[in-house]
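**Student:** Got a predicted model here, sequence first, then my questions.
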Amino acid sequence: MNGVMKGFFRFHLKLRNFGYSPSLNGHEKRKLGIFNLMNFFGLLIGVAIPIMGWSKGYFLSAFAWWVAFIPALISLTALICNSFRKYELARMCFFTLYPLLITWIYALKMDIGTDFFFIAFGVVSVFFLQSIYNIIFSFSLSMTCYFLAHAIWNDCEYKLETVNYSLYQSSHLLAIFFIFYGLFLIRNENVRHQLQILNKNRQLRRSNGKIQLQKKDLVELNYLKNKLFSVVAHDLRGPVHALHALFKNMQRYDLPGDEIKTLLPDVVKDISSTCGQMENLLHWVKSQMQEECVEPQVIEISKIITEVLQFLHLQVMAKRIHIRSRIEKPAYISGDKEMVNLVLRNLISNAIKFTPEEGTITLDAREESSYIEIFVEDTGVGIRPETLQQLIEDVHYTTPGTANESGTGLGLMLCKEFLSRNGGRLNIHSEPGKGSIFSFTLPKGIVNS
């Protein structure tokens, strides 16, 4: 039984796609399928009815039997035109030859009970034909033929109703079925077409929503870019002018070494801060221009903290900050070394920035089942609740440090982005006047023994 059903569905699909061209859109393809089904049933019925009448011994003339086969020939002609992809010609043949055939039969004073077909052809042609001129012609032809059959040639000498009443009734039922089936298929196709349009509208709305979000992101990114570059330009001017003034004075006044040494700490502090800003800016530009590839590797935390502290040594010494580490045993994380280095560098640099002289920064790590959390705790000024909320919501924000150190606000943004790419997250806990704790998680690294 399953094999029969599968065979039926395969045949049904082939019949609907008979004469299909890739140039047809979905709507035209479905119309072709319906038209093929109508002609296939017309072909079957045009052959079956005469054969059934002949097998049951119905008394009809040879001419009447020949006329009975003509509908099958018309449907066959339409299918042949479709096979050559002459779709409009096939439909014109169907909606022109059928009404003319039936009218010709009535002109021969023969009533075979096909009145309803005129209405069917006129209505269905509106759906199938593409050219408005063909639609007007076909509909007008069907209605003209209907008028001729009922007003001019209504006094028929041969009436199928009197010769064979059951065949006459079958002809009417067939016409009614044809009208119903044609309208049913058209109704289903219109529903499908409307659903397709609604689906496309939903897709367009979703696409438009994405475009609007992207446009908003671009506007915000452009605003942030302009703000960042204005801040960087302003902050670069100070160190560059300081260096320029130092070297100019050294050249003009031949400054002694002791006086130069007294000027260098401030210049070095400004340059160190500027280097950090420039590095953050370059990393941010790189991350915005391309999706930076993450190259995860197993990293021992203490080693990378040592590298970061060496890099920040001058900042630590300038403010006489005490650095303490509570990491007593090796702990391994998995992540991109350069990104993790930048995250640690920014967090420790921020802690130095907001911790007063002689303050303390404590580094710690806690190991969990699948990740390790690294802590940077300071005894600095802390963060106000409204400022903390801005940091959590990624609002661009920056404040000067305890020694008026400048910044661009890029550091935490980069930390969040790089941690996200490495499967981690950033956490912030702070109270005004009680210091801050910045921590981040990263997947635990697997060390091969």
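**Tutor:** The structure has been received and is ready for your questions.

**Student:** Using the centroid of this protein, identify the residue furthest from it.
**Tutor:** residue 157 (68.8 Å; CA atoms, centre = their mean).

**Student:** excluding its backbone neighbours, what's nearest it?
**Tutor:** residue 109 (4.2 Å; CB to CB, 6 or more residues apart in numbering). Every residue, glycine included, has its C-beta placed from N, CA and C.

**Student:** residue contacts, the one you found?
**Tutor:** Counting by CB atoms under 8 Å, 6 or more residues apart in numbering, residue 109 touches 153, 155, 156, 157, 158.

**Student:** Narrow those residues to just the buried residues.
**Tutor:** 153, 156, 158 (16 or more other CB atoms under 10 Å).

**Student:** any idea which of those is closest to residue 364?
**Tutor:** Closest approach between these and residue 364, by CB to CB: residue 153, at 105.1 Å.

**Student:** residues in contact with the closest one?
**Tutor:** Applying CB under 8 Å, 6+ apart, the residues contacting residue 153 are 106, 107, 109.

**Student:** Among the residues you listed, which lie within helices?
**Tutor:** Counted as lying in helices by DSSP state H, out of the contacts of residue 153, are 106, 107.

**Student:** How much space separates the residue nearest to the spatial centre of the chain from residue 248?
**Tutor:** Closest residue to the average C-alpha location of the chain: residue 207 at 6.6 Å, with CA atoms, centre = their mean. Taking CB to CB, to the nearest Å as the measure, residue 207 falls 59 Å from residue 248.

**Student:** How about residue 201?
**Tutor:** 68 Å.

**Student:** Give the next helix or strand downstream of the one helix or strand residue 308 maps to.
**Tutor:** Per DSSP states H and E: residue 308 is located in helix 301-311. As assigned by DSSP H and E, the chain's next helix or strand after helix 301-311 is helix 313-319.

**Student:** I'd like the next helix or strand past that next one.
**Tutor:** Downstream of helix 313-319 (by DSSP H and E), the next one is strand 322-325.

**Student:** thinking again about what came up before, which one of the contacts of residue 153 is nearest residue 368?
**Tutor:** For the contacts of residue 153, the nearest to residue 368 is residue 106 (91.7 Å; CB to CB).

**Student:** Residue 149 is in contact with the closest one, correct?
**Tutor:** Yes. Assessed by CB atoms under 8 Å, residue 106 is found in contact with residue 149 at 4.1 Å.

**Student:** I'd assumed residue 144 was in contact with residue 118.
**Tutor:** No. Using CB under 8 Å as the test, residue 118 is too far from residue 144 to be in contact (9.2 Å).

**Student:** who has more neighbours, these two?
**Tutor:** Remark: of residue 118 and residue 144, residue 118 carries more neighbours, 24 against 14, as counted by other CB atoms under 10 Å.

**Student:** Could you give the secondary structure assignment for that one?
**Tutor:** helix (DSSP: H, G, I helix; E, B strand; the rest coil).

**Student:** Need the per-residue pLDDT for the nearest residue to it once chain neighbours are set aside.
**Tutor:** In this structure, residue 118 finds its nearest non-sequential neighbour in residue 146, 3.7 Å apart by CB to CB, 6+ apart. We have a pLDDT of 87 for residue 146.
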